[in-house]
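J.: Got a predicted structure here, sequence first:
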Amino acid sequence: MKTTIFRFVVSSILVLGLAIPGAAFAGGAGKGCQLQGTWFGVNDLEDKELSGWVATVTGKSADHGINVFEFPTFDLTFEGTYPVADASANRGVWKRISGNTFEYSFMAIVVDAQRAPVYYLRVSGQSTLSADCMSETITAVLEFYFPGMSPFEGPPAASVPLDPHYGYRFTLD
């Protein structure tokens, strides 16, 4: 009886010991879609009419990486409120938080004609990919920081939740 219990315990520990490293090294494969690629903003997922933005998502892992967001149709002056001349590309990071859901954040520097910062933008939210990995539904919060404020620490000058928006994956197929 003691021998049987001992063998059961040893066998269970051995099986568990072999299973844990396999789970730890599984990586992104099998967790869901990969976010990497180029995504174009669309007004809705039915007609896929372009909405004016594009995001390029990279990463050496299916779990985290870098994103570059471009929105050339966005009014950086906010209808003439700010004397804006140019802006950097929106650059940031992303990470998988579960299955096909990712958390992201990116920032941009907006400058006037003398190249002095007017404000900084930070956009953060979540992206959830469809089961076929071709479309995404995105939530976002737009935050404003003015010169002298840090977008890394402390609250923003203003925070605006945005309506959900949608992206469609650009492919050669």
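T.: Received the coordinates, thanks. Residues are numbered from 1 along each chain as shown.

J.: drop to CA atoms for contacts and neighbour counts, all remaining ones
T.: OK.

J.: Can you show me the helices along this protein?
T.: In the chain, the helices defined using DSSP state H lie at 2-24.

J.: mind checking how far the residue positioned nearest the centre of the chain is from G125?
T.: What sits nearest the mean C-alpha location of the chain, by CA atoms, centre = their mean, is Y104, with 2.8 Å. Y104 sits 6 Å away from G125, going by CA to CA, to the nearest Å.

J.: on that earlier part again, ok, for the residue nearest to the centre of the chain, nearest residue in space, not its chain neighbours?
T.: W94 (4.1 Å; CA to CA, 6 or more residues apart in numbering).

J.: Provide the partner residues of the one you found in its beta bridges.
T.: Listed beta-bridge partners, W94: G65, Y104 (assigned using DSSP bridges).

J.: That one: what's it in contact with?
T.: 64-67, 102-105 (CA atoms under 8 Å, 6 or more residues apart in numbering).

J.: and which of those is nearest T56?
T.: Of all the contacts of W94, N67 has the smallest distance to T56: 5.6 Å, by CA to CA.

J.: so that closest one makes contact with K95?
T.: No. The pair N67 / K95 is not scored as a contact, 10.3 Å apart, by CA atoms under 8 Å.
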